[in-house]
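>>> With the sequence up front, the predicted model follows.
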2 protein chains.
Amino acid sequence: MTDLLIKNTRPMAGPKADIRIKGGRIAEIGPDIAPQGEPVEDAAGALALPGFVEAHTHLDKSLIGWPWYHNDVGNELLDMIANERAVKKEWGIDPHVQSMRHALQTVAYGATVIRSHVDIDTEGKLRPLEGVMKTAELLSDVVEIETVAFPQSGLMIRDGTTDLMDQAMTMGADVVGGLDPCGVDRDPKGHLDFIFDLAEKHGKPIDIHLHEPGEMGAFSMEMILDRTEALSMAGQVTVSHAFCLGMPDPVRVAGLVERLARNDVRIMTTAPASSEAPAVMQLREAGIKVGAGNDGIRDTWGPYGNGDMLERAKFIGLRNNFRRDTEVALAFDVCSTGGAEAMNVEPPKLEVGARGDVVVVTGESLAHAVVTHAPRHLVVKAGKVTARNGAALTEAP
Amino acid sequence: MTDLLIKNTRPMAGPKADIRIKGGRIAEIGPDIAPQGEPVEDAAGALALPGFVEAHTHLDKSLIGWPWYHNDVGNELLDMIANERAVKKEWGIDPHVQSMRHALQTVAYGATVIRSHVDIDTEGKLRPLEGVMKTAELLSDVVEIETVAFPQSGLMIRDGTTDLMDQAMTMGADVVGGLDPCGVDRDPKGHLDFIFDLAEKHGKPIDIHLHEPGEMGAFSMEMILDRTEALSMAGQVTVSHAFCLGMPDPVRVAGLVERLARNDVRIMTTAPASSEAPAVMQLREAGIKVGAGNDGIRDTWGPYGNGDMLERAKFIGLRNNFRRDTEVALAFDVCSTGGAEAMNVEPPKLEVGARGDVVVVTGESLAHAVVTHAPRHLVVKAGKVTARNGAALTEAP
């Protein structure tokens, strides 16, 4: 099942070609490739794009499959965090079931790689991580899922969370997470010292949520950079959100960007419309690896989102005022090849030797496919068809 | 054809009911209404919403139906304006054909009212307005189209434009338009004096594009308010975009908002992700009438947009950080009833006596319909079915 021939497609919206996948890897791209007994899919002239990379989401907490959640919670961050813990308990949300539904919906839209932050707190303890790790294992031939141990309810402000974080890493979480060391934890030194120590102890990278705006966010980012330098962790640290890089002080931002680039710190963005956000072009031009994600979808935080990384590429374009085709192509790259590079996993690429992660989608041009985010014809993971006509082939619970 | 019975629907996501339209107006809403020989549509439990109102678009310039336009133009406003004039000429764009395509696509997504700005310049002269007015006439029983005479290439900086604007109003344009009196025209006094005089001469209202950011925009807005007060034009003036109301100076903005409310100046927003934008909740709480629009779609300015006002409601929600169901409902209202009120046309409402402008769409709740902007089952204008399953019933050229 890991051999496949995709006929009659336009790789990256270029000239028509066929794509042969052999043993899960792209073996040949060119015109008129003859079948050799492998399964054949006719793309009917649709585009072929490399697999999509959902580099920042929360698989454990979406409410997909539940009746509509009427949201009337306050807009304060701590209100939303407390509300979420309460709803998860009251409704009896099962992180394994929810992560299966969420991951397969994301696959149906074209994802072949997902990085999921997973709540680690003193109420849910390690159950969310168990649930998402079980999903990752069950779907291992459908989508590559990385887990981040994420102290959503705070680390220093909730006794017992640091122990749970350590246990989460021992259990096999792939990445150490963190969250607003000033804004939520009120102890930036304590928070950052802990997560960098934990990363060193387990030999794992870091991906820290940093929503803190303006100068406070810049201060936290500097403390992250200090530790990255002191511990020689270049290439091992990611800052998600990084709203502070959107602050209206170009000189201050340029200084941070230069230091991020020097330390190969990666940035994950959701291209939010309602807050400041990093300028994707500026980061890429500085050589910073950038990924993107849909963040939580359809959860107690908000009603938006569906797991579609092609729509996320559109949001990146809209947020960054990308109008040229080359700019929209950059937004797409961040949601595919570039996102995997930011994650330090093998990047999907339409070239011989790369893993056979391919999405077939209607479109006249790459920008057209992005702005219309038309239904996907076919999603292929390492040569295996995982979704067809917008529906995953694996059934969700 | 202006009688219709819609069975088995949930008006505004409330309890199940039927809707009877008689002579183009809603005659009855309630359970189990018996047919009286009129056509019957079964909504199969889907929501009924009032017709959508596209209150700011440019019907004359989209490239719908053309091969993909590869955009590589500069990001300066005047570059984009010049590029557009060149492409329209080179491609031989017919404003009537384009406006038919664009309007019918917008109808397919649920619009029953459209306000279109139409370029008036010394190259296209009055042809775009002729084309859009012909479309408005041809589609008069499908969608109500208002035209705004819009000096896209500048008014004072291009000799002959003022005469054309006067001719456009004589021809029957519904609204006097304007554009960035400082940023584009470099003569705020000249520009504003002219358009207010023209409005007075023809007895028509004003809708002026104001992209100018920060203090420059506030300055232009004050000059607009000065004239609105001096000429007693309360309720007759609209500012589209009004980016300056998003500037980070709450006291300055509050002063402008108070004065806009006092003069019943209306605001049209596109809820742009890449620039500052008015806070919709703040405006509504101040009593200001707010409408929304998709602006130009798929044109030489950018590749985005499709005419869907339900997706625009989602963008308003995302831009304004609306998470609660009540907030998303407000975003919807701006794209429907509230938008028509801002335009000073009869507002679509699901109540007895209102015009029979109804959209049937899948959704568990109103917020669900907004965030998924699912395909429309049925669009009804004054009792006439204008679109079914996402396709307009009138054929576009």
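Received the coordinates, thanks. Numbering: from 1, shown residues only, chains lettered A, B, ... in the order given.
>>> what about A:Leu49, distance to A:Asn263?
Relative to A:Asn263, A:Leu49 is positioned 31 Å away (C-beta to C-beta, to the nearest Å). From N, CA and C alone the C-beta is placed, and that goes for glycine too.
>>> near chain B, which residues of the stretch 201-350 of chain A show up?
A:248, A:271-275, A:298, A:301-306, A:314-315, A:317-321, A:323-326, A:328 (C-beta under 8 Å from any C-beta of the partner chain).
>>> switch to 7 Å and redo it
Applying C-beta under 7 Å from any C-beta of the partner chain, we find that the stretch 201-350 of chain A lies next to chain B at A:273-274, A:301-304, A:314, A:318-321, A:323-326, A:328.
>>> Nearest to B:Ile288 among these?
A:Ser274 (20.0 Å; C-beta to C-beta).
>>> Check the spacing between A:Gly203 and chain B real quick.
Separation of A:Gly203 from chain B (C-beta to the nearest C-beta, to the nearest Å): 38 Å.
>>> now A:Leu49
16 Å.
>>> go on, A:Tyr109?
13 Å.
>>> What is the burial count for that residue?
Neighbourhood size, A:Tyr109 [other C-beta atoms under 10 Å in any protein chain shown]: 25.
>>> swap in A:Glu90?
So A:Glu90, with other C-beta under 10 Å, has 8 neighbours.
>>> Look at A:Leu49 and A:Asn263 and report which has more neighbours.
A:Leu49 (29 against 18).
>>> Got the confidence number for the more buried one?
Looking at A:Leu49, its pLDDT is 98.
>>> elements contacting the longest helix along chain A?
Scanning chain A for the helix with the most residues, using DSSP state H, yields helix A:214-230. Applying 3 or more C-beta pairs under 7 Å, 6 or more residues apart in numbering or on different chains; DSSP states H and E, one finds that helix A:214-230 contacts helix A:188-202, strand A:206-210, strand A:237-241, helix A:250-262.
>>> give me every residue that touches A:Thr135.
Counting by C-beta atoms under 7 Å, 6 or more residues apart in numbering or on different chains, A:Thr135 makes contact with A:59, A:96, A:99-100, A:103, A:145.
>>> Include neighbour count, distance to B:Ile206 and pLDDT when you put the residues you listed into TSV, please.
Listed next are these as TSV, based on neighbours: other C-beta atoms under 10 Å in any protein chain shown; distance: C-beta to C-beta, whole Å; pLDDT from 0 to 100:
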residue	neighbour count	distance to B:Ile206	pLDDT
A:Leu59	30	51	98
A:His96	19	59	98
A:Ser99	32	54	98
A:Met100	25	55	98
A:Ala103	29	52	98
A:Ile145	25	55	98
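>>> Any chance you could list what contacts stretch A:265-283?
For stretch A:265-283, using C-beta under 7 Å, 6+ apart, the contacting residues are A:55-56, A:213, A:225, A:228, A:237-243, A:245-247, A:257, A:288-295, A:315-316, A:319-320, A:330-331, A:334, A:342, B:273, B:318-321.
>>> can you do 6 Å?
Under the contact criterion C-beta atoms under 6 Å, 6 or more residues apart in numbering or on different chains, stretch A:265-283 has outside partners A:55-56, A:237-240, A:242-243, A:245-247, A:288-293, A:295, A:315-316, A:319-320, A:342, B:273, B:318-319, B:321.
>>> ok, back up a step: A:Leu378: which of the contacts of A:Thr135 is nearest?
A:Ala103 (18.1 Å).
>>> helix or strand for the closest one, which one?
helix A:95-108 (DSSP states H and E).
>>> In contact with the residue of the stretch 1-150 of chain A found nearest chain B, which residues?
As assessed by C-beta to the nearest C-beta, chain B sits closest to A:Trp68 within the stretch 1-150 of chain A, at 4.2 Å. Going by C-beta under 6 Å, 6+ apart, A:Trp68 touches B:364-365, B:368.
>>> among the residues you listed, which are in reach of chain A?
Among those, the ones lying near chain A by C-beta under 6 Å from any C-beta of the partner chain are B:364-365, B:368.
>>> Is it possible to get TSV of these that adds neighbour count, secondary structure and distance to A:Lys89?
As requested, the ones next to chain A among the contacts of A:Trp68 are arranged in TSV below (neighbours: other C-beta atoms under 10 Å in any protein chain shown; DSSP: H, G, I helix; E, B strand; the rest coil; distance: C-beta to C-beta, whole Å):
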residue	neighbour count	secondary structure	distance to A:Lys89
B:Glu364	15	coil	23
B:Ser365	20	coil	23
B:His368	20	helix	24
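>>> Just give the number of residues close to the residue lying closest to A:Met216 once chain neighbours are set aside.
Nearest non-adjacent residue to A:Met216, counting by C-beta to C-beta, 6 or more residues apart in numbering or on different chains: A:Cys182, 5.4 Å away. If you count neighbours by other C-beta under 10 Å, A:Cys182 ends up with 16.
>>> Would you quantify the distance from A:Cys182 to A:His70?
Taking C-beta to C-beta, one finds A:Cys182 at 32 Å from A:His70.
>>> same thing with A:Pro95?
The separation that A:Pro95 has from A:His70, given C-beta to C-beta, amounts to 22 Å.
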